[in-house]
Structures are given as C-alpha cells and as structure tokens.
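Colleague: Quick one: sequence and predicted model below, then my questions.
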Amino acid sequence: MKVNVKYNKNMSFIGENEAGHKTMFDSSSAGGEYKAATPMQILLEAAAACTAIDVVAMLNKRKKKITDFNIEVSGEKREEYPTIFNKVHMKYILVSPDIEETELVRAISLSQEKYCSVTATLKLAGAAVTYEYEIKKS
C-alpha cells in the first residue's frame with residue numbers, strides 16, 4: 001500500500017492513493033485556513049469507515065436489509081505530545097426492518113475485536129475504544 005501527500009498551500013495538503021483517490025487535509029493551527037479536515041479528524045473518520053465496512057459486510061451476508069446506517073465518533077486527545085487519542089467512542093445507529101439486536105451486537109463485536117485494523121491501531125497506541133448502538137426499525 002502506498003500513498004502520497006503533497007503540499008498545496010498554507011497548511012493545506014492533498015493525499016492521493018495508488019488508485020488516484022484524493023483526500024484533502026488542512027489545519028487551523030500554524031496558519032491554515034481549515035478548509036478541509038485535519039489528519040486527526042480523518043483518523044476518526046477512517047476508524048468509523050473501517051468498522052462500518054465490517055458491520056455492513058457481515059449484515060449483508062445474513063441478508064439483512066439496511067435502510068440507513070451511521071456511526072458517530074468522538075475522540076479525546078491527551079495533553080502531552082504527541083497529542084494522540086486516549087479515548088474514542090463510537091455510536092452505531094442502524095435503521096433496519098429485520099435486524100435482531102444479537103446480530104448487530106455480534107457484527108460490532110467481531111469488527112471491534114477482530115477485523116477493524118484502524119481501531120486495532122488506535123488500541124495499540126493506548127486509546128480506550130468504546131461503543132454503543134441504537135437500532136431503529138423502519
């Protein structure tokens with residue numbers, strides 16, 4: 001896996017992967033204009049996307065209908081440098097007409113404990129990753 005990050009202007013950067021997909025980065029610190037997400041925000045987005053992919057794949061295998069799915073993520077960073085996340089909390093919100101609670105709990109648990117490499121990386125760095133879920137019937 002390879003990516004490239006190129007300086008754009010001020011504190012703005014453009015990341016690009018091998019397939020040509022681009023990600024914008026910015027920061028309000030050190031003169032940035034904050035016209036794009038910060039690297040730490042994108043890390044939280046990556047954690048949510050990683051576990052979302054796992055959960056949806058598992059529910060699709062069980063032929064469950066997903067009307068809507070959202071993961072809200074909050075992170076707390078430690079005070080000392082590097083200011084890495086020490087707490088990350090995810091709230092899974094699933095809308096489905098046919099999901100059973102046990103099925104969602106199992107999919108989330110497998111993702112969090114076995115499959116999601118981004119949350120595993122956060123945990124290895126010392127972050128406490130917690131989660132909750134909400135099911136809405138459609």
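Modeller: The structure has been received and is ready for your questions. Numbers count the residues shown, from 1 in each chain.
Colleague: How is the chain divided into domains?
Modeller: 1-36, 39-136 (automatic domain parsing).
Colleague: Highest mean neighbour count out of those domains?
Modeller: domain 39-136 (a mean of 15; mean count of other CB atoms under 10 Å). All C-beta spots, glycine's among them, are computed from the backbone N, C-alpha and C.
Colleague: thinking again about what came up before, lowest-confidence stretch among the domains of the chain?
Modeller: Ranked on mean pLDDT, the bottom entry among the domains of the chain is domain 1-36, at a mean of 92.
Colleague: End to end on it, go ahead and measure it.
Modeller: 24 Å (CA to CA, to the nearest Å).
Colleague: Repeat that for stretch 20-37.
Modeller: Start-to-end span of stretch 20-37 (CA to CA) is 19 Å.
Colleague: send the alpha carbons of stretch 109-129 over as CSV?
Modeller: Extracted C-alpha coordinates of stretch 109-129, given in CSV (Å, rounded to 0.1, in the frame of the first residue of the first chain):
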residue,chain,number,x,y,z
SER,A,109,-18.0,-7.1,18.4
LEU,A,110,-16.3,-9.0,15.6
SER,A,111,-15.4,-5.8,13.9
GLN,A,112,-14.0,-4.2,17.1
GLU,A,113,-12.2,-7.2,18.4
LYS,A,114,-11.0,-9.0,15.3
TYR,A,115,-11.4,-7.3,11.9
CYS,A,116,-11.1,-3.5,12.0
SER,A,117,-7.4,-2.6,11.6
VAL,A,118,-7.9,1.1,12.3
THR,A,119,-9.5,0.6,15.7
ALA,A,120,-6.9,-2.0,16.5
THR,A,121,-4.2,0.5,15.6
LEU,A,122,-5.8,3.1,17.9
LYS,A,123,-6.0,0.5,20.7
LEU,A,124,-2.3,-0.4,20.2
ALA,A,125,-1.4,3.2,20.7
GLY,A,126,-3.2,3.2,24.0
ALA,A,127,-6.7,4.5,23.2
ALA,A,128,-9.7,3.2,25.1
VAL,A,129,-12.1,2.5,22.3
